[in-house]
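1. sequence below, structure please.
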Amino acid sequence: MGAHVNPTVTRRRLGAELRRLREAGGMTTQQVAARLLISQPKISLLENGRRVIKPRDVRDLCGLYGVTDRLLVDQLMQMARESGRQGWWNAYGDVPYGPYIGLEAAAAAVRSYEPLVIPGLLQTPAYAREVIAGTIPHATAEQAASRLRVRLRRQDRLNAPVNPLRLWAVLDESVLRRVVGSREVMREQLEHLIHVGATQPHITVQVLPHDAGAHPGVSGQFSLLEFADSTDVSVVYLERFTSDVYLEKRSDVRLYSDMYAHLQAQALSPDGTGHLLTDVVKGYDTEFRPEAGPSPLPDA
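-> Residues are numbered from 1 along each chain as shown. As a prediction, the model looks like this:
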């Protein structure tokens, strides 16, 4: 498989094509499952790109759908072979959010709302290390180090010399005030946000201030992933502790897109965000000193 082939995206494209062929053949997923003696959920997982499909299964499905174009069948079987390959993240062991990394690696743009922590794509190594340690307390030192390496490698998309990832991040003000690790870690992290916001035109950071009141993001974190290829449907990603959620229905994507537009409108402008970040950094620059007690009496 060439370096440019993304198994996650290939699975999604293959699944979408198999769904199209099934619908063109006038069959339901229940009918397909009954004919091939497999479960209906398996068919749904295959069509949604959530499960690796074998070339033999592609051949059987095409036969069931009455596909006679041998070239098309061969192309779909080749896609099945490619979709079964491993992405770069698999080299780091069991990464629970591997499907998301595959989508992010192929996305043209990501719009992210974060109410609690800095988005992974914008985290400094020190901040990321503290987030991993705090949110996955049961992880071994080796697992934590692997998670850190994966997180930092994901950031390569932002620094790609050609077609870097377009990132738009809206952060709740709480993210800036929550001390992760130490004041020094926070100062470095916020200075990094100031730097990328001022020097990287493909990265936009906005802060949603506390006085914005109720807003569409009160229900929690979400990200919208958009792709350059019109055949790749946009995805809403909801990060959860045990099982992440991926939404691809156009109505769901449209709803979250509208929510994000409201968040952008309620947040500070990029310039206003830069000013707030600078003020917060100054607060972290001020060393905490307990109030001094009375001076000791001089020796007699």
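
2. quick one: the helices in the protein?
-> Assigned helices in the chain, in chain order: 7-24, 29-36, 40-47, 55-64, 70-83, 98-106, 125-135, 141-154, 173-177, 183-199, 250-266, 270-285 (criterion: DSSP state H).

3. of these, flag the one that's most buried.
-> Compared across those, helix 98-106 shows the largest average neighbour count, a mean of 21 (mean count of other Cβ atoms under 10 Å). No exception for glycine: its C-beta is placed from N, CA and C like everyone else's.

4. sketch out the low-pLDDT regions of this protein for me.
-> For the chain, the stretches flagged by pLDDT under 70 are 1-5, 241-242, 287-300.

5. show the contacting residues for the closest residue to Arg19 other than its chain neighbours.
-> Nearest residue to Arg19, sequence neighbours excluded (Cβ to Cβ, 6 or more residues apart in numbering): Glu47, at 4.3 Å. Applying Cβ atoms under 8 Å, 6 or more residues apart in numbering, we find Glu47 in contact with 15-16, 18-19, 22, 29.

6. again, but for Ser219
-> Contacts of Ser219 by Cβ under 8 Å, 6+ apart: none found.

7. any idea how far Thr231 is from Glu82?
-> 16 Å (Cβ to Cβ, to the nearest Å).

8. returning to that earlier point: and of the helices of the chain, who's closest to Val218?
-> Closest of those to Val218 is helix 250-266, at 10.4 Å (criterion: Cβ to Cβ).

9. how about Ala105, what does it touch?
-> 6, 8, 87-88, 154, 157.

10. hmm, 10 Å instead?
-> Listed by Cβ atoms under 10 Å, 6 or more residues apart in numbering, the contact partners of Ala105 are 6, 8-9, 87-89, 153-154, 156-157, 165.

11. and which of those is nearest Pro119?
-> Distances from Pro119 to the contacts of Ala105, taken by Cβ to Cβ, are shortest for Arg154, at 10.2 Å.

12. how about the helices of the chain in a markdown table, adding distance to His210?
-> Below are these laid out as a markdown table (distance: least, Cβ to Cβ, whole Å):
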| stretch | distance to His210 |
| --- | --- |
| helix 7-24 | 37 |
| helix 29-36 | 47 |
| helix 40-47 | 42 |
| helix 55-64 | 52 |
| helix 70-83 | 45 |
| helix 98-106 | 29 |
| helix 125-135 | 21 |
| helix 141-154 | 28 |
| helix 173-177 | 5 |
| helix 183-199 | 16 |
| helix 250-266 | 12 |
| helix 270-285 | 11 |
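
13. nearest to Pro115, of these?
-> helix 173-177 (6.5 Å).

14. now do stretch 14-29: distance to the chain's middle.
-> For stretch 14-29, the separation from the chain centroid amounts to 28 Å (computed by Cα atoms, centre = their mean, to the nearest Å).
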